[in-house]
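Undergrad: What would the 3D arrangement of this be:
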Amino acid sequence: MKPFAVLLCTLLLVTSLTACGWVTITDGPAPSASNSAASDNDVTEEEPQPSPDVVVTAEDVQSAVEALVPDEYRGQSYSCDILTASDGSGFIVSLQIDVDTEDAADIISGMEADILKLDNLNISDVQIIAVHDMQIVGTN
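TA: A predicted model of the protein is given here:
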């Protein structure tokens, strides 16, 4: 059931990012390394930018972050809060998850990396607290 839930969350995230214009889906094969060497001088690559009229909200960020959190980490002390930085530099993700003590460091670093990979959501900081039996067992 977990792979299905992950697939469903991924599809929902891609669908919402596509609807906002942040992700473009095209037909055809991806360029290969051998073909791109000959045309490196001909092609300039620009990083995709969200359109100026699209405003990212805390709810957008929270939905994207919560889609990454497996059900096994959503225990009694689970919380996901999105704060706005006072200097306007972006959103701060504050996440509290339930994990086993021995796995805390690996889970925290993996979750932080996954959250920071969420492009175009203006995330400036990620704070993760791992809890086991109502005691803090790790932070990033």
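Undergrad: mind listing the strands for this structure?
TA: Counting by DSSP state E, the chain has strands at residues 79-84, 91-98, 123-132, 135-139.
Undergrad: Kindly compare burial across these and name the winner.
TA: Mean neighbour counts were compared across the strands of the chain using mean count of other C-beta atoms under 10 Å; the top stretch is strand 91-98, at a mean of 21. (C-beta placed from N, C-alpha, C; glycine too.)
Undergrad: would TSV of the strands of the chain with distance to Thr57 and mean pLDDT be doable?
TA: Formatted as TSV, these follow (distance: least, C-beta to C-beta, whole Å; pLDDT from 0 to 100):
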stretch	distance to Thr57	mean pLDDT
strand 79-84	9	93
strand 91-98	9	94
strand 123-132	13	93
strand 135-139	27	88
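Undergrad: Turn those strands into CSV, including distance to Glu59.
TA: Formatted as CSV, the strands of the chain follow (distance: least, C-beta to C-beta, whole Å):
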stretch, distance to Glu59
strand 79-84, 8
strand 91-98, 11
strand 123-132, 14
strand 135-139, 25
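Undergrad: Not counting stretch 73-80 itself, show me its contacts.
TA: 62, 65-66, 69, 93-99, 107, 131, 134 (C-beta atoms under 8 Å, 6 or more residues apart in numbering).
Undergrad: ok, how many other residues are close to Gly110?
TA: 13 (other C-beta atoms under 10 Å).
Undergrad: Nearest to Val54 among the strands of the chain would be which one?
TA: strand 91-98 (14.8 Å; C-beta to C-beta).
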